[in-house]
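In: What follows is a protein structure lacking sequence information:
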């Protein structure tokens, strides 16, 4: 890892603070970078026009007792990686060949979107209980690296 990796990872953690997620440790931030330039960012939060968990005063996943790493579709929030990829599409920004920096290891749903968007490298800080993701990234040839330095 180099100084640029640390800078972009720090930015992912800054963006994570914008999250509206209620769950402890689940404020996720993402930065997509190409040629040392930020293409898009994302954080986990409700889709445009939908009230956030914070606005509603309750986490749907907590209310239903859904454990981390399961039933990811049962949540008001869109994942940080998904928001960053969708933002690129919405703005017409190519992320083919880019690097994605994320506070947490992507889930398998995000992994598939990352692969199909052409992102070639993913750097994350915190693990996530989804070993299938590791298989998918390996098979697709996407470089997955854990960021070990302090932020």
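Out: Sure, I can see it. For clarity, every value in this text was computed on a predicted model and none was experimentally measured.

In: Burial check on residue 121, number of neighbours?
Out: Around residue 121 there are 17 other residues, counting by other C-beta atoms under 10 Å. C-beta here means a position set from N, CA and C on the backbone, and glycine is covered the same way.

In: Repeat that for the one 4 residues further on.
Out: Residues lying near residue 125 (other C-beta under 10 Å) number 20.

In: Confirm that it sits in a strand.
Out: Yes - counting by DSSP: H, G, I helix; E, B strand; the rest coil, residue 125 is found in a strand.

In: Cross-check the contact I'm expecting between it and residue 9.
Out: Yes - counting by C-beta atoms under 8 Å, residue 9 is a contact partner of residue 125 at 6.4 Å.

In: what's the overlap in contacts for the two?
Out: 147, 151 (C-beta atoms under 8 Å, 6 or more residues apart in numbering).

In: Would you agree residue 62 is in contact with residue 21?
Out: No - the criterion here is C-beta under 8 Å, and residue 62 misses it with residue 21 at 10.5 Å.

In: so where does residue 38 fall, helix or strand?
Out: For residue 38, the element it lies in under DSSP states H and E is strand 37-43.

In: Now the helix or strand that that strand is followed by: buried residues?
Out: Counting by DSSP H and E, the next helix or strand C-terminal to strand 37-43 is helix 53-56. Buried residues in helix 53-56, counted by 16 or more other C-beta atoms under 10 Å: residue 53.

In: Touching helix 53-56 from outside, list them.
Out: So helix 53-56 is contacted by 20-22, 46, 59-60, 76-77 (C-beta under 8 Å, 6+ apart).

In: again, 7 Å this time
Out: Residues outside helix 53-56 that contact it (C-beta atoms under 7 Å, 6 or more residues apart in numbering) are 20-22, 59-60, 76.

In: what's the most distant pair in the residues you listed?
Out: 20 and 60 (12.3 Å; C-beta to C-beta).
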